[in-house]
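Trainee: I'd like to go over a predicted model; first the sequence, then the structure.
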Amino acid sequence: MNSITAVPNTPSENALDELFKDINPALTSRQASFEASRCYYCYDAPCVKACPSDIDIPSFIASIHNEDLEGAAKTIYSENILGGSCARVCPTEILCEQACVRNDEAECAPVLIGLLQRHATDQAEFSEHPISRAPTTGKRIAVIGGGPAGLSCAHRLASLGHEVDVFEAQSKAGGLNEYGIAKYKLTQNFAQKEVDFILGIGGITLHTNKALGQDIHLEDLSEKYDSVFLGIGLQGTRQLNLDGEDHPAVHNAVDFIKALRQAKHTEDLSVPKKHAIVIGAGNTAIDIACQLKRLGTEEVTLVYRRGTEQMSATGHEQQIAKDHEVRIKTWSRPDALTFDDNNTLTSMTFVKTTLVDGKLTDTEETFTLPCEAVFKAVGQTLVTPENEPGLPQVTSGKFQVDASFLSSLANVYVGGDCTTVGEDLTVEAVQQGKKAALAIHTALMSEEK
Amino acid sequence: MADLSTDFVGIKSPNPFWLASAPPTDKAYNVERAFEAGWGGVVWKTLGEDPAAVNVSSRYSAIYDSYGEVSGFNNIELITDRSLEINLREIEAVKKSWPDRALVVSLMVPCEENAWKTIVKEVEKTGADGLELNFGCPHGMPERGMGAAVGQVPEYVEQVTRWCKQYSKLPVIVKLTPNITDIRYSARAANRGGADAVSLINTINSITGIDLDQMTARPIVDGKSTHGGYCGPAVKPIALNMVSEIARDPETQRLPISGIGGISNWRDAAEFISLGAGCVQVCTAAMVYGFRIVKEMQDGLNNWMDSKGYERLTDFQGLAVPNTTDWKYLNMNYKVVADIDQDKCIGCGRCYIGCEDTSHQAIELTPQADGTNRFDIIEEECVGCNLCQITCPVEDCITMVQKDTDKPYMNWTQDERNPFKDVS
Ligand SMILES: Cc1cc2nc3c(=O)[nH]c(=O)nc-3n(C[C@H](O)[C@H](O)[C@H](O)COP(=O)(O)OP(=O)(O)OC[C@H]3O[C@@H](n4cnc5c(N)ncnc54)[C@H](O)[C@@H]3O)c2cc1C
Ligand SMILES: Cc1cc2nc3c(=O)[nH]c(=O)nc-3n(C[C@H](O)[C@H](O)[C@H](O)COP(=O)(O)O)c2cc1C
Ligand code: SF4
Ligand code: SF4
Ligand code: SF4
């Protein structure tokens, strides 16, 4: 095995890539060496506390500084086997880099931890998988969902000597890394390269096109396996509850991104030419707006019912939207969709909003924006598979777990976006998968005694 | 505007910045470019007897700081590889065109009276301002009984100096090798031989690093290497100490010194002058950045002198010498403790872990509600070692504050705790 990124791309993969060049390109070795030397090698470092996956940041940066990229990558992988994709997708501006002490001194600029993490994981060359496996335990665990949470859990279990079967509903593993993250964040088929890399540890069997509720059932799995991990993410999307919302020109942003991430040619997608409207205020809304711009939509207007300060998209993400010339319209609530006689979407009407005693309230004012398509990015929700009666308990829309990610059912653990815990971020899913794996391991090994 | 002009053992130059004998002063072309750039003087690349030395290919190596700047430089070159006659002709021509600049000629010939007699006479004819005797070349030449081998034997230093003073009217500067145990012995020998001045340091025997793939030191010549001579910023502390040793030694304290070793800017130069140097010589900095650096050197020295009210170099020359003393004369009753400016502290914890692991456990770590840490000095435990101040990355965040001990000056020779009090 060489470095993860050394795997060549097939020519057909490159057709759309021109439009979606890496938004945050890799550092050169020289840049990485300078950047690494900016790290103060803090003791009890605040950046580590701010990394949801507990990566020993000063240690891996010191290894880069000492030209030991393999050592750096191992330090990262030992806590976060998806360190490569996290380096690309983590909102570092609200995580590790926000906590970096170098924000607080004269330079006011954090160490670029994400880019250094990418440098190490991209450039490290291993002749065998960097994490070794403990002697086999004979225990078998079923992991449902091959996203970041499932893969992280499976990898940690494999490294502890267990045998793991991963059941994934889609034809490829990777979860939102493969189907959801903006195309310019994970370029060059990185998600699949990373999946191959993770499976390289051995002891993990991936079963694709196997959906819980259709092809597999929790009751069977609980019987056949010593433990089960559930990491099925959030498959539903919130609705606007407007008339005509089921019209084909009204898209779920995540579905469109999914199609984009799998498309080989622009022609495979129905891209609005002149006007598109995005509803939402999170990173998904920003992502779809920017990706539409790159695909050639002339005017993209992002509309949010509150102000920019209340947007959940980070300042950094909002800046990316501005850089893509996305128009951001705040304090406006979607009211109605308008179609012409041929049932073609022509415009969308909004009611202006305001705060009255801290409560969002409609004003008298309305306005109408022309549009060919609307993209909804107002949040994802947990959809519990049908025909699957014996699922763990759901509280406020998500699976309820305890501190060790054990669900309401014995031997069934849950992690990632579908739990009530933590923010919905890749790195958080990785951490939850890892922690669940450690809890599963502890539970199974204590049963032994 | 301060007056930077220099009179070093009768050799006049418009400023104290000379180029040391090395590649920058190898030939007329370089030296004229240096003078155009503003250098006050040069010591011409060391001349020897014909046939001229021959150099290998791949000659230098370096070590770098974390920003990629050269902090130490190493070479395996010999003295000039051009014939004596060409060098002498060029020296004469250059001196004629640049009468106001110092032009000193460096020499290294076998340790025989006739050899030195012949060459100093030749040099005198060129109109050069002075001689520098190179006893310091650490490589190549010692095998022929020249350079460091001579510089390491005080009797030879004295003898050769005496010959040169005997056969030449020119001022004689003896360049000292640092590859000895106690620099004062060579300086005293030069002084006894009648030297007008010493210049130091020449390069330090070194291996800058090993290429771990080829298992060869650098620089590599066809798979092999050899030790070289080390210079550049990394050697400045060693040079400063040697200069101070000579400036403080009762036997040599009046001997003029030309300071050399790692000088890269006006501040370095001012430091050498404050330890007694009458002029300074530069090699590595010119090789890494080119001759133009002399502009900022002159400007910087000028502005600093203005800010201090020094009108000429002699106003501050040697001022740091009396304050450089033996350990035993330091005040045992003086006490400083570290003080952390909490407004500046960024919470990196470096001061803490250094003190906790390797020093006196005098810093307290208190976790804060927001997940950061607060660091406080435990004054009773602090011995005032400066470690935390050195390791703190924030400027002026940790200061060493003097504590009143209410006790008078008392040095080690007077201290009751000194078991050898009466003999020391
Ligand atoms: C558009 C978008 C952009 C995002 N951008 C970022 C970003 O830039 N940075 C960031 O940190 N986070 C981002 N996120 C969030 C991040 O992608 C998620 O937090 C992360 O992927 C969660 O991992 P997971 O494993 O819990 O779920 P998922 O990644 O959703 O993986 C769940 C897996 O389970 C499978 N599955 C679902 N149902 C079944 C079933 N019934 N049977 C079997 N398998 C099933 C799915 O096919 C999928 O492979 C983004 C999310 C979206 C939607
Ligand atoms: C490549 C090179 C060649 C040198 N050749 C000589 C020499 O011929 N004669 C000499 O006296 N010193 C020679 N030196 C030593 C320098 O004159 C000077 O003493 C030393 O480099 C320290 O100064 P610096 O730190 O400014 O470089 C040489 C130095 C270098 C780097
Ligand atoms: S906080 Fe910043 S400087 Fe300190 S260890 Fe982390 S990255 Fe390095
Ligand atoms: S500096 Fe470079 S180009 Fe010039 S002689 Fe040396 S190796 Fe050759
Ligand atoms: S080294 Fe300086 S900045 Fe860092 S914790 Fe100590 S006092 Fe604060």
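Mentor: The structure has been received and is ready for your questions. Ligands and ions are numbered 1, 2, ... in the order given.
Trainee: Could you pull up phi and psi at the residue nearest to the spatial centre of chain B?
Mentor: Central residue of chain B (Cα atoms, centre = their mean): residue B:261, 2.6 Å from the mean position. When read as degrees, to the nearest 10, the backbone of residue B:261 gives phi 130, psi 100.
Trainee: Contact partners for it?
Mentor: Contact analysis of residue B:261 by Cβ atoms under 8 Å, 6 or more residues apart in numbering or on different chains lists B:178, B:200, B:201, B:231, B:235, B:236, B:238, B:239, B:240. C-beta coordinates here come from the backbone N, C-alpha and C atoms, glycine included.
Trainee: which one among those gets closest to residue A:108?
Mentor: Taking Cβ to Cβ as the measure, residue A:108 sits nearest to residue B:236 out of those, at 32.0 Å.
Trainee: List the residues that contact that closest one.
Mentor: Residue B:236 neighbours (Cβ under 8 Å, 6+ apart): B:261, B:262, B:263, B:268, B:271.
Trainee: so how far is ligand 1 from it?
Mentor: Residue B:236 is 49 Å from ligand 1, where distance means Cβ to the nearest ligand atom, to the nearest Å.
Trainee: State the pLDDT value of that residue.
Mentor: Confidence at residue B:236, expressed as pLDDT, is 98.
Trainee: repeat for the one 5 residues further on
Mentor: Here the pLDDT value assigned to residue B:241 is 98.
Trainee: Name the residues of the helix or strand harbouring it that come out as buried.
Mentor: According to DSSP states H and E, residue B:241 maps onto helix B:236-248. Across helix B:236-248, burial judged by 16 or more other Cβ atoms under 10 Å in any protein chain shown covers B:236, B:238, B:239, B:240, B:241, B:242, B:243, B:244, B:245, B:246, B:247, B:248.
Trainee: okay but the second one is in contact with residue B:180, surely?
Mentor: No - contact status for residue B:238 versus residue B:180: not in contact, 11.8 Å apart, counting by Cβ atoms under 8 Å.
Trainee: quick one, phi psi at residue A:211?
Mentor: Dihedral angles (degrees, to the nearest 10) for residue A:211: phi -100, psi 140.
Trainee: burial measure for it, as a count.
Mentor: By other Cβ atoms under 10 Å in any protein chain shown, 16 other residues sit near residue A:211.
Trainee: pretty sure it contacts residue A:169?
Mentor: Yes - using Cβ under 8 Å, residue A:211 makes contact with residue A:169 at a distance of 3.7 Å.
Trainee: residues in contact with the residue of the stretch 251-400 of chain B found nearest ligand 1?
Mentor: Taking Cβ to the nearest ligand atom, ligand 1 has its nearest neighbour within the stretch 251-400 of chain B at residue B:371, 20.7 Å off. Residue B:371 makes contacts with A:46, A:49, A:50, A:99, as judged by Cβ under 8 Å, 6+ apart.
Trainee: Tabulate those (a markdown table), appending pLDDT.
Mentor: Putting the contacts of residue B:371 into a markdown table (pLDDT from 0 to 100) gives the following:
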| residue | pLDDT |
| --- | --- |
| A:46 | 96 |
| A:49 | 97 |
| A:50 | 97 |
| A:99 | 96 |
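Trainee: if you look at those residues, which of them are in helices?
Mentor: Using DSSP state H, the subset of those located in helices is A:46, A:49, A:50, A:99.
Trainee: export the residues you listed to a markdown table and tack on neighbour count and distance to residue A:355?
Mentor: Conversion of those to a markdown table gives the following (neighbours: other Cβ atoms under 10 Å in any protein chain shown; distance: Cβ to Cβ, whole Å):
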| residue | neighbour count | distance to residue A:355 |
| --- | --- | --- |
| A:46 | 24 | 35 |
| A:49 | 15 | 35 |
| A:50 | 18 | 31 |
| A:99 | 25 | 32 |
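Trainee: domain assignment for the chain?
Mentor: Looking at chain A here, since you left the chain open. Domain segmentation of chain A under automatic domain parsing yields A:25-123, A:140-234+A:382-448, A:237-380.
Trainee: That was the other one, I meant chain B.
Mentor: Here the domain parsing of chain B from automatic domain parsing is B:6-315, B:327-403.
Trainee: is any part of the shortest one close to ligand 5?
Mentor: Yes - figure legend: domain B:327-403 in contact with ligand 5 (Cβ under 6 Å from any ligand atom); contacting residues B:340, B:345-351, B:375, B:391-392, B:394, B:397-398.
Trainee: Any idea which of the domains of chain A gets closest to residue B:8?
Mentor: domain A:25-123 (40.2 Å).
Trainee: now check that closest one, is it near ligand 5?
Mentor: No - where contact is defined by Cβ under 6 Å from any ligand atom, no part of domain A:25-123 touches ligand 5; the two come within 7.2 Å at best.
Trainee: where does chain A come near chain B, residue by residue?
Mentor: A:30, A:33-34, A:37, A:40-46, A:49-50, A:65, A:99, A:101-102, A:104-106 (Cβ under 8 Å from any Cβ of the partner chain).
Trainee: tell me the mean pLDDT over the helix or strand encompassing residue A:62?
Mentor: Following DSSP H and E, one finds residue A:62 within helix A:57-65. The average pLDDT for helix A:57-65 rounds to 97.
Trainee: So which other helices or strands are in contact with it?
Mentor: Judged by 3 or more Cβ pairs under 8 Å, 6 or more residues apart in numbering or on different chains; DSSP states H and E, helix A:57-65 is in contact with helix A:29-37, helix A:46-50, helix A:69-79, helix A:113-123.
Trainee: Could you list the low-pLDDT ranges of the chain?
Mentor: Assuming you mean chain A. A:1, A:9-15, A:449 (pLDDT under 70).
Trainee: not what I meant, chain B
Mentor: For chain B, the stretches flagged by pLDDT under 70 are B:136-148, B:423-424.
Trainee: quick one, helices of it?
Mentor: Secondary structure of chain B (DSSP H): helices at B:28-37, B:84-97, B:113-124, B:148-151, B:154-167, B:183-192, B:236-248, B:266-274, B:284-289, B:293-308, B:350-358, B:387-391.
Trainee: Please list the residues of chain B that sit near ligand 5.
Mentor: So far as Cβ under 6 Å from any ligand atom goes, chain B lies against ligand 5 at B:340, B:345-351, B:375, B:391-392, B:394, B:397-398.
Trainee: Might you report the residue contacts of residue A:156?
Mentor: Residue A:156 is in contact with A:81, A:433, A:434, A:437, A:438, A:441, counting by Cβ under 8 Å, 6+ apart.
Trainee: mind running it again at 7 Å?
Mentor: Contact analysis of residue A:156 by Cβ atoms under 7 Å, 6 or more residues apart in numbering or on different chains lists A:434, A:437, A:438.
Trainee: Now residue A:81. Nearest residue, chain neighbours left out?
Mentor: Leaving aside its sequence neighbours, residue A:81 sits nearest to residue A:155 (Cβ to Cβ, 6 or more residues apart in numbering or on different chains; 4.5 Å).
Trainee: any idea how far that neighbour lies from residue A:141?
Mentor: 12 Å (Cβ to Cβ, to the nearest Å).
Trainee: Likewise for residue B:203?
Mentor: 65 Å.
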